[in-house]
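Trainee: sequence plus predicted model, see below.
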Amino acid sequence: MTSAISNESSLVPFGVRIELDMASGITAIGSRALQRNGISVCCARTVATAAPPKKEQKPQKTTFGPLSDDDRIFTNLYGRHDYRLKGALARGDWYKTKEIILKGQDWILKEVSASGLRGRGGAGFPSGMKWGFMKRPYDGRPKYLVVNADEGEPGTCKDREIMRHDPHKLIEGCLIAGVAMGARAAYIYIRGEFYNEACILQEAIHEAYKAGYLGKDCCGTGYSFDVFVHRGAGAYICGEETAGYLGKDCCGTGYSFDVFVHRGAGAYICGEETALLESIEGKQGKPRLKPPFPADIGLFGCPTTVTNVETVAVSPTICRRGGAWFASFGRERNHGTKGDWYKTKEIILKGQDWILKEVSASGLRGRGGAGFPSGMKWGFMKRPYDGRPKYLVVNADEGEPGTCKDREIMRHDPHKLIEGCLIAGVAMGARAAYIYIRGEFYNEACILQEAIHEAYKAGYLGKDCCGTGYSFDVFVHRGAGAYICGEETALLESIEGKQGKPRLKPPFPADIGLFGCPTTVTNVETVAVSPTICRRGGAWFASFGRERNHGTKLFCISGHVVNPCTVEEEMSIPLKDLIERHCGGVIGGWDNLLAIIPGGSSVPLIPKKVCEEVLMDFDSLIEAQSGLGTAAVIVMNKQADIVKCIARLSLFYKHESCGQCTPCREGCNWLNKVMWRFVDGRAKPDEVDMLWEISRHMEGHTICALADAAAWPVQGLIRHFRPELEKRMAEYARETEKKAATV
């Protein structure tokens, strides 16, 4: 939950500071006090009827998205939705495969060697060197590639994830690795217990045949590559002679290549490379004496390379982007794949001013819902040292219904968040960060804690972070599940061991925050993108989206869509485009759409006619009388009971109100009571206007913005679906009259 008062910096007179005050979707309203001083305030999530003040604008882009793979930050979110060929092609698999094959064996080996790729199966042997062992004059024997997918190590499941979510990446990798080795067939030896993964892999091979990536003339290269699936002692062809990425003439390159999937019997020892070869040959799976090594006498007595699933699966991307790109990640001899902790030392040594300058130049606005400029907010902490330590608090108390973006970051990219804490801490002059995580997020808390341990062990945290002389600690604090603790001051109270209730402001946290010290509370996503901004530059981040709405954004899309998902896209992407491109569209088609809540449960819904043209950014949604909020897109089609949906939200806010403020405590209760009367039509016609007045009196009259969050969904329902409420009441009245007449 994160909120704030967002204003144009030009509206804020010298000496007046406007603070973010939002956590997990509650927007803090301090407008009354500011308006008394003659300051015009517009909350980023407030329902606004007037557009922001117009300025001279630079030429702007008119189309937004899709975000290219090269520009994505949270790469681990991808490949978890559609493992089939359509999804694989969208993620870049089989792209330029023909060109790679035609460049030849020497070029592929050169790129793999330049990448610094080392075996991902445990030994860490340089892959370029190992694959090069197979480069020898032809002696009449065929050459084989064997992929070891017999993942039996307790606690290990990475290869299983690749086969489950990215089978095409593995199959394409087999083809490219086969060309590099001069092999004409590959055996994928899969653990017997991995039944589902074997089926997914088999289905992917079928698709590759049909698409022309296997079979005769793979990718139009003349390279032939056939695929068989081995089950026990039997084998059957998986694909068709006319198909095309594997088989004869793979990808149209003239190269022939076969891939076999062989299911093992579950013996852990068969994970050893020579025992694995024995098992494929139908013998007892026991290791062989070496030498001779498999590169001399391997499968069926022929030259063979045994390699790991992950090692093969990354090879197409290395060839597409270049070995130098892959080698740019990680430290020497330990090259990573996502770029976390890359050049972190250089960023820290550039200093506080440089980081603040880049974050300001990026146009990054708070990703928790309020949209307050992050560069300005972080700059509030830049002040002379007064003897008190400074703290960074990361709000991971994600309790907004429909919102799960921060949870995905912590689950799949914890190091991105931890590195972001360090860089944001340097920008603020803080020496410690507290990550306040929702109590129910047990697995995510464990993952985060483990990642923090790894960062300490690697020297990225603690004393002398990354060898810069800067000391910084990160702590994880688990909440107890109260939604109100997503509000920034209630969150601080909770960390201090007090009851989680919002504080009066001023003083703001930047003056008196955690333990009475200067504190900045910010959102998980906001912190997590800061390292990439510093690495690539603020101008790069600002190149996405419209003016005042820059960068990339995580969108959580749920409800009546074909494929609910969390996806990273460019700010200002059209809402309709977002849903149809990433979720397969609305169930029943776009014409079956009823309404959408575009920014989590605390913003007003918008009907279908508005959804047609609206852009997913702060300003466009404010003009549409809604808000971007947490960017949790909740889709409702015509089969949904729209009144009941909003009534359920009213019940949620009634339950989560802390009861400290009378307008919120009493207002939430009345909203809930009347909304459930609307559900079955028992309400009176004048109760519609009464409910509107109650919601209007709740706005801006409480310490925090939970009352606003409760009022806005109801206001959106009345604004756009008043005829539906009146229809229900009329139907209920007619039925009541009929029953009375029959008595």
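Mentor: Arrived safely, thanks for sending.
Trainee: pull the contacting residues for Arg696.
Mentor: 711, 715 (Cβ atoms under 8 Å, 6 or more residues apart in numbering). From N, CA and C alone the C-beta is placed, and that goes for glycine too.
Trainee: surely Glu487 touches Cys704?
Mentor: Yes - the pair Glu487 / Cys704 is scored as a contact, 4.5 Å apart, by Cβ atoms under 8 Å.
Trainee: what about the two, which has more around it?
Mentor: Taking neighbours as other Cβ atoms under 10 Å, Glu487 and Cys704 compare with Glu487 leading, 36 against 33.
Trainee: where does the stretch 51-200 of the chain have low pLDDT?
Mentor: 51-92 (pLDDT under 70).
Trainee: just the strands in it please.
Mentor: 144-149, 185-190 (DSSP state E, counting those that start in this stretch).
Trainee: the stretch 451-600 of the chain now?
Mentor: Assigned by DSSP E, counting those that start in this stretch, the strands in the stretch 451-600 of the chain fall at 473-478, 519-523, 545-546, 549-550, 552-559, 565-570, 593-597.
Trainee: excluding chain neighbours, what is closest to Gln105?
Mentor: Ala180 (5.6 Å; Cβ to Cβ, 6 or more residues apart in numbering).
Trainee: my guess is the one you found meets Lys110, correct?
Mentor: No - in this structure, Ala180 is not within contact of Lys110 by Cβ under 8 Å, at 9.7 Å.
Trainee: of the two, which one has the most company?
Mentor: Between Ala180 and Lys110, counted using other Cβ under 10 Å, the more crowded position is Ala180 (29 against 16).
Trainee: and the gap between the more buried one and Cys319?
Mentor: Going from Ala180 to Cys319 by Cβ to Cβ, to the nearest Å gives 9 Å.
Trainee: name the residues contacting each of these two.
Mentor: Jointly contacting Ala180 and Cys319 under the rule Cβ under 8 Å, 6+ apart are 108, 112.
Trainee: the strands of the stretch 51-200 of the chain: which one's closest to Cys466?
Mentor: Closest approach to Cys466 among these (Cβ to Cβ): strand 144-149, 35.3 Å.
Trainee: in terms of secondary structure, what does the closest one contact?
Mentor: helix 167-181, strand 185-190, helix 273-280, strand 304-308, helix 309-321 (3 or more Cβ pairs under 8 Å, 6 or more residues apart in numbering; DSSP states H and E).
Trainee: which residue packs closest to Phe475, ignoring adjacent ones?
Mentor: Nearest to Phe475 is Tyr434, by Cβ to Cβ, 6+ apart, at 5.1 Å.
Trainee: my bad, Asn669
Mentor: Sequence neighbours aside, Lys654 is the residue nearest to Asn669 in space, at 5.7 Å (criterion: Cβ to Cβ, 6+ apart).
Trainee: do the same with Arg288
Mentor: Thr274 is the one closest to Arg288 (Cβ to Cβ, 6+ apart), at 3.9 Å.
Trainee: ok, that neighbour to Gly322 distance?
Mentor: Taken as Cβ to Cβ, the span from Thr274 to Gly322 is 34 Å.
Trainee: between those two, who's got more neighbours?
Mentor: Ranked by neighbour count (other Cβ under 10 Å), Thr274 and Gly322 place Thr274 first, with 21 against 14.
Trainee: wait, the more buried one touches Pro294, no?
Mentor: Yes - with contact defined as Cβ under 8 Å, Thr274 counts as touching Pro294 (6.7 Å).
Trainee: between the strands of the stretch 451-600 of the chain, which one is nearest to Arg411?
Mentor: Between Arg411 and the strands of the stretch 451-600 of the chain, the tightest spacing by Cβ to Cβ is seen for strand 565-570, at 10.2 Å.
Trainee: what's the offset of the closest one from the middle of its chain?
Mentor: Its chain's C-alpha centre and that of strand 565-570 lie 6 Å apart, by Cα atoms, centre = their mean, to the nearest Å.
Trainee: please save the CA atoms from it in PDB.
Mentor: What follows is strand 565-570, C-alpha atoms only, in PDB (Å, rounded to 0.1, in the frame of the first residue of the first chain):
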ATOM      1  CA  CYS A 565      -0.900 -12.700 -15.300                       C
ATOM      2  CA  THR A 566       1.600 -10.200 -13.900                       C
ATOM      3  CA  VAL A 567       3.400  -8.500 -16.800                       C
ATOM      4  CA  GLU A 568       5.900  -5.700 -17.200                       C
ATOM      5  CA  GLU A 569       5.000  -3.200 -19.900                       C
ATOM      6  CA  GLU A 570       5.600   0.300 -21.000                       C
END
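Trainee: report the buried residues of that strand.
Mentor: 565-570 (16 or more other Cβ atoms under 10 Å).
Trainee: who touches Leu671 in this structure?
Mentor: 650, 653-654, 691, 694-695, 698, 710-711, 714.
Trainee: quick check: of those, which has the highest neighbour count?
Mentor: Of these, with other Cβ under 10 Å as the count, Ala711 tops at 30 neighbours.
Trainee: grab the nearest non-local neighbour of that residue.
Mentor: Closest to Ala711 by Cβ to Cβ, 6+ apart is Ser695, at 3.8 Å.
Trainee: next SSE after the helix or strand that contains that neighbour?
Mentor: Ser695 is part of helix 686-698 when elements are defined by DSSP states H and E. Downstream of helix 686-698, the first helix or strand assigned by DSSP H and E is helix 706-742.
Trainee: the inter-axis angle of that following helix versus helix 686-698?
Mentor: Put simply, helix 706-742 runs at 170 degrees to helix 686-698, going by axes from the mean of the first three to the mean of the last three Cα atoms, to 10 degrees.
Trainee: who does helix 706-742 touch, helix- and strand-wise?
Mentor: Judged by 3+ Cβ pairs under 8 Å, 6+ apart, the packing partners of helix 706-742 are strand 593-597, strand 606-607, helix 642-656, helix 662-680, helix 686-698.
Trainee: quick one: these as TSV, columns for mean pLDDT and distance to Cys219 too.
Mentor: Formatted as TSV, the helices and strands packed on helix 706-742 follow (pLDDT from 0 to 100; distance: least, Cβ to Cβ, whole Å):
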stretch	mean pLDDT	distance to Cys219
strand 593-597	95	40
strand 606-607	94	45
helix 642-656	94	49
helix 662-680	93	58
helix 686-698	93	60
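Trainee: reformat these as TSV; add distance to Lys158.
Mentor: Shown next, in TSV, are the helices and strands packed on helix 706-742 (distance: least, Cβ to Cβ, whole Å):
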stretch	distance to Lys158
strand 593-597	36
strand 606-607	42
helix 642-656	38
helix 662-680	46
helix 686-698	50
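Trainee: tell me the most buried of the ones you listed?
Mentor: Scoring these by mean neighbour count under mean count of other Cβ atoms under 10 Å gives strand 593-597 as the most buried, with a mean of 25.
Trainee: chain center to that one, what's the gap?
Mentor: Counting by Cα atoms, centre = their mean, strand 593-597 is centred 23 Å from the centre of its parent chain.
Trainee: strand partners (parallel or antiparallel) of that strand?
Mentor: strand 606-607 (antiparallel), strand 632-637 (antiparallel) (DSSP bridges).
Trainee: of these, which approaches Trp378 most closely?
Mentor: Of all these, it is strand 632-637 that lies closest to Trp378, at 24.9 Å by Cβ to Cβ.
Trainee: kindly format the C-alpha coordinates of the closest one as CSV.
Mentor: In CSV, the C-alpha atoms belonging to strand 632-637 read as follows (Å, rounded to 0.1, in the frame of the first residue of the first chain):
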residue,chain,number,x,y,z
ALA,A,632,-3.9,-4.1,-10.5
VAL,A,633,-6.3,-4.5,-13.5
ILE,A,634,-9.5,-6.3,-12.4
VAL,A,635,-11.6,-7.3,-15.4
MET,A,636,-15.3,-7.9,-15.1
ASN,A,637,-17.4,-9.2,-18.0
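Trainee: quick one: mean pLDDT over it.
Mentor: Strand 632-637 shows a mean pLDDT of 95.
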